[in-house]
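A.B. asks: Next comes the sequence, and after it the predicted model I'd like to discuss.
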Amino acid sequence: MSNNIYLKQGLNIPINGAADQTTKKVIVPDIVAVKPTDFRGFIPKLLVREGDKVLAGTPILADKMSQSVVLTSPVSGTVAEVVRGEKRKLLEVRIKADEKQEYVDFGVKKVADLSKDEIKDAILKAGLWPAIVQRPYGIIANPEISPKAIFVSAFNTAPLAANAEFAFRDDFEHIQTAVNALGKLTPGGVHFSLNEENYSGSPFHKIENVIQHTFSGKHPAGNVGVQISHISPIKKGETVWTVSLLMLAAIGKLFNTGKFDASRKVAITGPKAIGPCYVDAIEGMSIRDLKGFFNEDENLRFISGDPLTGKNVGKDGFLGFFDNQVTILEEGNKFEMFGWAKPVRCSQFSSSRTYFSWLTPKKKYDMDTNLHGGERAFVLNDVYGKVLPMDIFPVFLLKACLAGDIDKMEKYGIYEVLEEDFALCEYVCPSKIEIQQIISDGIALMMKEMC
Amino acid sequence: MNGLRKIVDKIKPTFEKGGKLGFLHSTFDAFETFLFVPDTVTRKGSHVRDCVDLKRVMIMVVLALVPAMLFGIWNTGYQHKLAFGLTDWGFWNMVWYGILKVVPLYLVSYIVGLAIEFTSAQIKGHEVNEGYLVSGMLIPLIVPVDVPLWMLAIAVAFAVIIGKEVFGGTGMNIWNPALLARAFLFFSYPSKMSGDTVWTGGVARWAAEGKAFQCGEGLVDGFSGATPLAHASMDGLAQANTSFLDMFLGTIPGAVGETSAVAILIGAVILLWTGVASWKIMFSSVLGGLAIGYLGYAVGATDLPGYYQLVMGGFLFGTVFMATDPVTSAQTECGKWIYGFLIGALAVTVRLWNPGYPEGMMLAILLMNTFAPLIDHYVIEFSLKRKAKKVTIA
């Protein structure tokens, strides 16, 4: 490709535990959870009660703000428990799966014959509308509007992320169907970003009805937000939608098979995963079902997603709606004597040259969750830009978020970013600042003040 | 190793909230985290983190300052030897004299500075910040070796309290604390901070009391004690018998750590190699110094070629260690070019065209510290405008 976009800034974190490209296990779901907390701004309204029978595709929760947006059950079974947190906030709806899975029949549909509204309607009914993320702010797409364009990143550069070619190798056709369907919802078309280094090796370059772009570089080159900022930055008043390959596959399956099929290949990764590989699993799968992939006696952290942006769900937790990766890390709650004062720290990685890990570029590290220091104010100001390939001023944006200054946040580009884009900044930050949380609070403030 | 951990764990409860010495919590925490990387784990956001922290960054700067400090110790003795004609002094005599003069400066700097840091951390209930490790290392290197210790103590207190803590501590300050300490001394006690007698160890006391550490026959004939900046012309340097090489190596009178370009350049290599300091600021500051230096040469303000300006006085020390302070310098990459260039240019401008101040580095850096946010403001405005144009075209 001649118009490849090369991103100089970035960092591939050398962490151990990438998944082998084999599917070693099929997880038969026992208890699965539907989690409204996976979506920003989703105010859940419960549509079922404990003890209700549901099918795969039965609506479980609706958004109070926009009642047509629903979340549906990934399995057929019985609603076992509704888990609430502080102030009775709805956290999870747990469903005990039947042995034999039955699906709500949404009907096989030919996308070419459907109108824009029929497509929207079908996706909404099946509970797949929340799969479409709207920027700014990374909220569930508003079905009433027509976005500037839809963006898809066809590769994931996050540490240990599932390999797109392997995880979706059976879903090519479904993804094409979904692209055709979503293409009808926007005048700007579906922008499909591929990895330049693996362009011809990836079947996704054959996807039709898309506007192709190629990117090369380290993480976060595969982040859709970074790609958008290079293809067509989001200005005030504009909205774009983004969809992941995983969600495209699900949407495609809906049209091709008439079912809400939440199954997916999940990468089990991380330094503490025993025999990291892929498993056939389902949205909302219980982490406990991964028995055998981790040592029960160790103090571990279970992350739904990748180690930079995933959610710490715990051993009793469930896989998130958008995730096809589980990362298992050791909790690093131990002291390290003279850690920072040691001239060489062989077992630790640092992107900073104040250590010597740059001498062993191929080495992978067993990282744990230790913070490696105490929280401080911003001191170094050039470390963030080196891992953020966007045309923004990260420290200024973060300080504007901290100050709650709406005008400045807008000026410095809050519309263009989500937490995930800043994950690497947080990783490298020597002041140990919780940068993703700052962005998250900033977005929450914007949403509150602007509407 | 485990033994030490056990001891720390044993005494820890005493210093925690509710413990007997609970009011010393921050102090204890500072020492504990000095010995051990804490066991805190990530709570939100990224679950794994880079192992670099501010302690590591700061210790790199301290390390980079060590060559300048060691040279300063030797040079203090060497200048004393020259001043009093102590021909029988060997290397170790000079080093010993240097140690006697410089170590007290360090003791005062660290004791006063850290005491204030610890106290304010205690009051605010924060962790003790490691920023003062660097400031405390810098301050003794930029003062005349004969500065009275009580003055130094007041200057340090001023710099840490007014320069840093009132803004909220390291990372929040507007001016470089070390330079603020020097500026405080410069304007409060000018007689101790300039002139020809302050730069050589023992001379001030000799002039006042007729005594010195070892004075031999008294000051040698023709002793001037002036730094090259005081007679910054080809004739002046020739009269003082100071060559370019002397200034490059640093065997000249001056503030403790600022004289040797060689030692400072070793520090610069460490800072640039580890990426702690911005090469853009250093490079552009040198460019600015050269530009005005040669301009002055061209219009006849001085007969010294531009590159002489780099090795005289505190230019290089300021460029490498002070201008690059990440907190007080410009924060945007483009802004760093402007900021650095203006520091170099202003410093030499003050030297050449302001008879009142032979040295302009301190004032140049403090002034640009003040204007750094303004530079950033315009850099960002410009960048946003350019971006807006790009978007409308596309």
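C.D. replies: Received, thanks. Numbers count the residues shown, from 1 in each chain, chains lettered A, B, ... in the order given.
A.B. asks: Please identify the buried residues of the lengthiest helix in chain A?
C.D. replies: Assignment by DSSP state H gives helix A:435-450 as the longest helix of chain A. Under the neighbour-count criterion of 16 or more other CB atoms under 10 Å in any protein chain shown, helix A:435-450 has A:435-440, A:442-443, A:445-446 buried. For every residue, glycine as well, the C-beta is placed using N, CA and C.
A.B. asks: From these, pick the one nearest residue A:198.
C.D. replies: When the buried residues of helix A:435-450 are compared for distance to residue A:198 (CB to CB), residue A:436 wins out at 28.1 Å.
A.B. asks: Which of the three states applies to the residue nearest to that closest one when sequence neighbours are not counted?
C.D. replies: Excluding its sequence neighbours, the residue lying closest to residue A:436 (CB to CB, 6 or more residues apart in numbering or on different chains) is residue B:45, at 3.6 Å. With DSSP: H, G, I helix; E, B strand; the rest coil as the basis, residue B:45 sits in coil.
A.B. asks: isn't residue B:45 right next to residue A:426, touching?
C.D. replies: Yes: Residue B:45 is within contact range of residue A:426, at 5.0 Å (criterion: CB atoms under 8 Å).
A.B. asks: which non-adjacent residue is nearest the spatially most central residue of chain B?
C.D. replies: Centroid-nearest residue in chain B: residue B:138, 3.6 Å away (criterion: CA atoms, centre = their mean). Closest residue in space to residue B:138, ignoring its immediate chain neighbours: residue B:178 at 3.8 Å, by CB to CB, 6+ apart.
A.B. asks: Kindly report the same for residue B:344.
C.D. replies: residue B:288 (2.8 Å).
A.B. asks: Tell me how far the one you found lies from residue B:307.
C.D. replies: Using CB to CB, to the nearest Å, residue B:288 is found at 13 Å from residue B:307.
A.B. asks: Check residue A:128 too.
C.D. replies: As judged by CB to CB, residue A:128 and residue B:307 stand 69 Å apart.
A.B. asks: ditto for residue A:136
C.D. replies: 52 Å.
A.B. asks: which of the two has more neighbours?
C.D. replies: Higher neighbour count among residue A:136 and residue B:307: residue A:136, with 23 against 15, using other CB atoms under 10 Å in any protein chain shown.
A.B. asks: quick one: contacts for the more buried one?
C.D. replies: Residues near residue A:136 by CB atoms under 8 Å, 6 or more residues apart in numbering or on different chains: A:234, A:239, A:414-416, A:443, A:446.
A.B. asks: Which ones among these map onto helices?
C.D. replies: Going by DSSP H, the helices hold A:443, A:446 from these.
A.B. asks: between the contacts of residue A:136, which is closest to residue B:248?
C.D. replies: residue A:416 (49.4 Å).
A.B. asks: quick one, what contacts the closest residue to residue A:285 other than its chain neighbours?
C.D. replies: Take residue A:285 and drop its neighbours on the chain: the residue closest to it by CB to CB, 6+ apart is residue A:319, 4.5 Å away. By CB under 8 Å, 6+ apart, residue A:319 lies in contact with A:266, A:281-287, A:304, A:313, A:326.
A.B. asks: How about residue B:217?
C.D. replies: Taking CB under 8 Å, 6+ apart, we find residue B:217 in contact with B:84-85.
A.B. asks: Test my guess that residue B:144 contacts residue B:192.
C.D. replies: Yes: using CB under 8 Å, residue B:144 is in contact with residue B:192, at 7.2 Å.
A.B. asks: Look at those two and report which has more neighbours.
C.D. replies: Using other CB under 10 Å, the more surrounded residue of residue B:144 and residue B:192 is residue B:144, with 22 against 19.
A.B. asks: Tell me how far that one lies from chain A.
C.D. replies: Residue B:144 sits 30 Å away from chain A, taking CB to the nearest CB, to the nearest Å as the criterion.
A.B. asks: How about the contacts made by that residue?
C.D. replies: For residue B:144, the contact set (CB under 8 Å, 6+ apart) comprises B:192-193, B:198-199, B:255-256.
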